[in-house]
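Q: this one's structure only:
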């Protein structure tokens, strides 16, 4: 952006304040916003992790075991803990915003926001329980 | 002047769908396979069971859909994070290609990996 504010006859030039590259450090709410936005990187890592797991399981019992050992490496573990925290932030902020994004009418009346948020959390509980049951319970 | 891009609504739709998918599934998957199993908090399922779970036709489709949509969610949100956070507008073209291109490549990889499960 042109920073020079010079006199120009007949044509006004608007002075625009330059926004700092670090504007998101100025307030806690801005910082939380940028953390929420950065959660997409953790989502990308979740996909990479799931696909690496699928590849390891497809490769046989030995590859599966090797993957589990690699997952126990302190750096990998630290990355997974950080990404878990970020995907939780993503899930919470996403479900809390759902009432604003989804306006549902039933019988001509708007469904209250808390019901929409609650049904999202119920879906989270259900999918979590389903994954745990599929993987861990003895039938 | 705003340039009209008819693909933009589709990208927002994919962002939104991927946001829901990843919010529902990423916490449990990362917790179990990334933290609880490696640390021994929970005993991991044996290989035969894992293989039978992920090899089920419905699971294959679910893994593919979740991976693909989540990647488009990442692509869209990360694009705007770079846009707002770093204010690097002059790199827009490169950033868009890298983000959406990455999501497309990841979708192809997911399709291949899900296909080759024995």
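A: Arrived safely, thanks for sending. Values in this document were obtained by computation on a predicted structure and should not be read as measured data. Numbering: from 1, shown residues only, chains lettered A, B, ... in the order given.

Q: contacts and neighbour counts: CA atoms only from here.
A: Noted.

Q: identify the residue spatially nearest to residue A:132, adjacent ones excluded.
A: Nearest non-adjacent residue to residue A:132, counting by CA to CA, 6 or more residues apart in numbering or on different chains: residue B:28, 8.0 Å away.

Q: gap between that neighbour and residue B:67?
A: 15 Å (CA to CA, to the nearest Å).

Q: neighbour count winner among these two?
A: Counted by other CA atoms under 10 Å in any protein chain shown, residue B:28 and residue B:67 do not tie: residue B:67 has more neighbours, with 28 against 21.

Q: residues contacting that one?
A: Residues in contact with residue B:67, defined by CA atoms under 8 Å, 6 or more residues apart in numbering or on different chains, are A:47, B:106-107, B:110.

Q: chain center to the helix of greatest length in chain A, what's the gap?
A: For chain A, the longest helix by residue count, based on DSSP state H, is helix A:28-58. Put simply, helix A:28-58 sits 7 Å off its chain's centre (CA atoms, centre = their mean, to the nearest Å).

Q: buried residues in that helix, which are they?
A: A:34-58 (16 or more other CA atoms under 10 Å in any protein chain shown).

Q: over to stretch A:107-117?
A: So, applying 16+ other CA under 10 Å, buried residues of stretch A:107-117: A:113, A:116-117.

Q: before we move on, what about stretch A:131-139?
A: A:131, A:135-136.

Q: quick revisit: between the contacts of residue B:67, which is nearest residue B:33?
A: residue A:47 (12.5 Å; CA to CA).

Q: can you say which helix or strand has the spatially closest residue to that closest one that is not a sequence neighbour in it?
A: Spatial nearest neighbour of residue A:47, chain neighbours left out: residue B:67 (5.4 Å); criterion: CA to CA, 6+ apart. Here residue B:67, judged by DSSP states H and E, is contained in helix B:57-86.

Q: and after that helix, which helix or strand comes next?
A: helix B:92-115.

Q: for that next one, packing partners?
A: On a contact count with 3 or more CA pairs under 8 Å, 6 or more residues apart in numbering or on different chains; DSSP states H and E, helix B:92-115 meets helix A:28-58, helix B:57-86.

Q: much appreciated, bye for now.
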